[in-house]
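S.K.: Sequence first, predicted coordinates after that:
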Amino acid sequence: MRKYRCSICGYIHDESTGTKWEDLGGSYVCPKCRAPKPLFDLIEKTDKPAPNVKETAAGVSDSNHVNDKHHKELSAEEISAICSSLAKGCEKQRLNSEMEAFQKIADYFKRKSVSEKGKTLNDAALLNEALLVQATQKLNDDITTRYPEANNTAKANADRGALRSLVWSEKVSLMMKSLLDRFAEEGEAILADTKIYVCDICGFIYLGDSPPEICPVCKVPAHKIFQVERR
């Protein structure tokens, strides 16, 4: 039996008390912070036999998968609001280039909603796709290059404050990249029948019916986590 730890909030999935990791399915997300499977790390493997527990004990629900018949196209106002929240999350992490990219998308769709209400969003979707690719590439650069460099510098200078900030920032960036990857694969379906929350302290983005009791990254209480209004 194996154990897997969420790299965002630390939640542990233990196969000995629930479902095998490979049986959870690709749509599984962390019950605490909703991080996807790729953000879990294998931490322990034992030979203890698994108890006779039903698979539902793992807390896995098919509600994470949205049937195609429920998909709906978001309005320009909704896309603008979502991108504005992503820009705010980037601003909290001082990711200025990413913030500017998301803000450009938000501004574009805001203008679109006023000038071309009811018209096709095909041309806007092309701009949306191009800017999201740009933002994803910048996040990849941060995660693979800039964070390791910054961590090495902070360690060399024994700067504990910088190290703590970098831990928060990197976790938020990993979660943000995960959401962008999902958006690229699933499109607007990931936003159907859910709400969007952003931590006002660290910029953590959370999709769910209600905010977590505490932020999985910086541990502030729920009153510091605000819902992004979608009109």
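M.R.: Good, I have the coordinates.

S.K.: Give the residue spans of this structure that score low on pLDDT.
M.R.: By pLDDT under 70, the low-scoring segments of the chain are 44-73, 114-128, 230-231.

S.K.: If we go by neighbour counts, what in the longest helix seen in it is buried?
M.R.: Counting residues, the longest helix in the chain under DSSP state H turns out to be helix 160-186. Under the neighbour-count criterion of 16 or more other Cβ atoms under 10 Å, helix 160-186 has 165-166, 168-180, 182-183 buried. Glycine gets a C-beta too; all of them are placed from N, C-alpha and C.

S.K.: Any figure for the gap between Ile205 and Gly26?
M.R.: 20 Å (Cβ to Cβ, to the nearest Å).

S.K.: quick one, helices of the chain?
M.R.: Using DSSP H, helices in the chain cover 76-92, 96-115, 122-141, 147-156, 160-186.

S.K.: CA atoms only: put the fourth one into CSV for me.
M.R.: Going back to what we said before, that points to helix 147-156. Extracted in CSV, the C-alpha atoms of helix 147-156 (Å, rounded to 0.1, in the frame of the first residue of the first chain):
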residue,chain,number,x,y,z
TYR,A,147,12.1,29.7,-8.3
PRO,A,148,15.1,27.4,-8.0
GLU,A,149,17.5,30.3,-8.5
ALA,A,150,15.6,32.5,-6.0
ASN,A,151,15.6,29.6,-3.4
ASN,A,152,19.3,29.1,-3.8
THR,A,153,20.0,32.8,-3.3
ALA,A,154,17.7,33.0,-0.2
LYS,A,155,19.4,29.9,1.3
ALA,A,156,22.9,31.3,0.6
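
S.K.: Quick one: list the elements packing against it.
M.R.: helix 160-186 (3 or more Cβ pairs under 8 Å, 6 or more residues apart in numbering; DSSP states H and E).

S.K.: Specify the beta-bridge partners of the closest residue to Lys195 other than its chain neighbours.
M.R.: Nearest residue to Lys195 in three dimensions, chain neighbours excluded: Gln227, at 5.7 Å (Cβ to Cβ, 6 or more residues apart in numbering). The partner list for Gln227 in beta bridges (DSSP bridges) reads Tyr197.

S.K.: My read is that Gln227 contacts Pro211, right?
M.R.: Yes: using Cβ atoms under 8 Å, Gln227 is in contact with Pro211, at 7.3 Å.

S.K.: the more surrounded of these two?
M.R.: The neighbour count for Gln227 versus Pro211, taken as other Cβ atoms under 10 Å, is higher for Pro211 (19 against 13).

S.K.: and this protein, what are its domains?
M.R.: 1-48, 75-227 (automatic domain parsing).

S.K.: Show the backbone phi and psi for Asp200.
M.R.: Per-residue torsions, Asp200: phi -80, psi -10 (degrees, to the nearest 10).

S.K.: Gln93 versus Phe102, what's the distance?
M.R.: Phe102 is 12 Å from Gln93, by Cβ to Cβ.

S.K.: got it, and Asp193?
M.R.: According to Cβ to Cβ, Asp193 stands 28 Å off from Gln93.
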